[in-house]
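**Q** Mind folding the following:
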Amino acid sequence: MSSGGGHVKPEDRGAYLAAKREAKKPVSKAKSDRYKVVYDMLDTREGERAVCRLVRACHRSTLEKRMKRERMEHTKSLRELMAPF
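**A** Residues are numbered from 1 along each chain as shown. Sure thing, here's the model as predicted:
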């Protein structure tokens, strides 16, 4: 393909792009099939519950991060106050 100088022959590039296009087709099909299963599941009652669980988990995670940051700031301010002693 390349003769070391970083230059690619046009016919090699064309073959590469054709192979790349062909490789994308099965990947696209697999993704489409997988997402169809997910979307079908989301249309059920169990899917709605799963979404609610995810939302609650994200919210808890956000709260935990916020509380941790506030604790760190509080600890830092206490250390600064106690430094002269």
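**Q** all contacts plus neighbour counts: C-alpha atoms, from now on.
**A** Fine.
**Q** which helices and strands does the host helix or strand of K29 pack with?
**A** K29 is part of helix 10-42 when elements are defined by DSSP states H and E. Where contact means 3 or more Cα pairs under 8 Å, 6 or more residues apart in numbering; DSSP states H and E, helix 10-42 is packed against helix 45-82.
**Q** So what's the gap between the helix it packs on and the chain middle?
**A** Mean C-alpha position of helix 45-82 versus that of the full chain (Cα atoms, centre = their mean, to the nearest Å) differs by 20 Å.
**Q** if we can go back for a sec, what's the angle from the helix holding K29 to helix 45-82?
**A** On the basis of axes from the mean of the first three to the mean of the last three Cα atoms, to 10 degrees, helix 10-42 is oriented at 100 degrees to helix 45-82.
**Q** mean confidence score for helix 10-42?
**A** Averaged across helix 10-42, the pLDDT comes to 93.
**Q** Can you give me the buried ones in it?
**A** Of all the residues in helix 10-42, not one is buried under the rule 16 or more other Cα atoms under 10 Å.
**Q** same thing with stretch 57-72?
**A** Counting neighbours by 16+ other Cα under 10 Å, stretch 57-72 gives no buried residue.
**Q** same deal with stretch 76-85?
**A** By 16+ other Cα under 10 Å, stretch 76-85 has no buried positions at all.
**Q** pLDDT averaged over that stretch - what is it?
**A** For stretch 76-85, mean pLDDT rounds to 78.
**Q** Report the distance from it to the chain centre.
**A** Averaged C-alpha coordinates place stretch 76-85 at 40 Å from its chain's average position (Cα atoms, centre = their mean).
**Q** and V8, what are its phi and psi?
**A** phi -110, psi 130 (degrees, to the nearest 10).
**Q** All set now, cheers.
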